[in-house]
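[1] got a structure for you, letters missing:
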C-alpha cells in the first residue's frame, strides 16, 4: 500500500499538468476536476468490491484466495493506463517550448512569486464564492475517506 500511495502521488502532478495542457481554456476547471472525482470513484468501487467479496465468500475462502481478486481485477485498468501512456504524444505547448532557445527564461518568468501572488489575489477577488465552495467540497470528501 505504501508503494501504491507513493506511485499515485508521483503521477498526480503529471496527470494534472497533462490535463491542463490539453483542455480548452473554458473547460479547464471541469477537465482537471475529473482527476479528483475519478479517484473518489476508484475508492468507492474498490470498497464496494471488497464488501461484495466479504459477503459472497466465507472467511476461509477470503483468506485463502479471495484477497487476490481485487489485485487481479486492478490489472485491467493498469493495462489500459499503460497502453494509453505509451501512445500519448507530447502536447504542442511542450514541443514549442523545447524548440525555443528561451524556454528556460519562460519557465523562470512563470515561476516568479509575484505573478503567482497576483493570480491568487485575482482569483480570490473575482471568484471568492467558487473558491469557498471548492474548499468546503474537498473538506467534505476528505472527511468521508
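    Sure thing, it's come through. Since we're looking at a predicted model, the values are computed, not measured.

[2] pLDDT on the lengthiest helix in the chain, on average?
    Looking across the chain with DSSP state H, the single longest helix is helix 28-56. For helix 28-56, mean pLDDT rounds to 86.

[3] which parts of that helix are buried?
    Burial within helix 28-56, assessed by neighbour count using 16 or more other C-beta atoms under 10 Å, is assigned to residue 32. Just so you know, the C-beta spots here come from the backbone N, C-alpha and C atoms, and that holds for glycine as well.

[4] roughly how far apart are residue 27 and residue 33?
    Separation of residue 27 from residue 33 (C-beta to C-beta, to the nearest Å) stands at 10 Å.

[5] coming back round to it: now the next helix or strand after the longest helix of the chain: how far from the chain's centre is it?
    Toward the C-terminus, helix 28-56 is succeeded by helix 59-61 as the next helix or strand (DSSP states H and E). From the chain centre to the centre of helix 59-61 is a distance of 35 Å (C-alpha atoms, centre = their mean, to the nearest Å).

[6] all set now, cheers.
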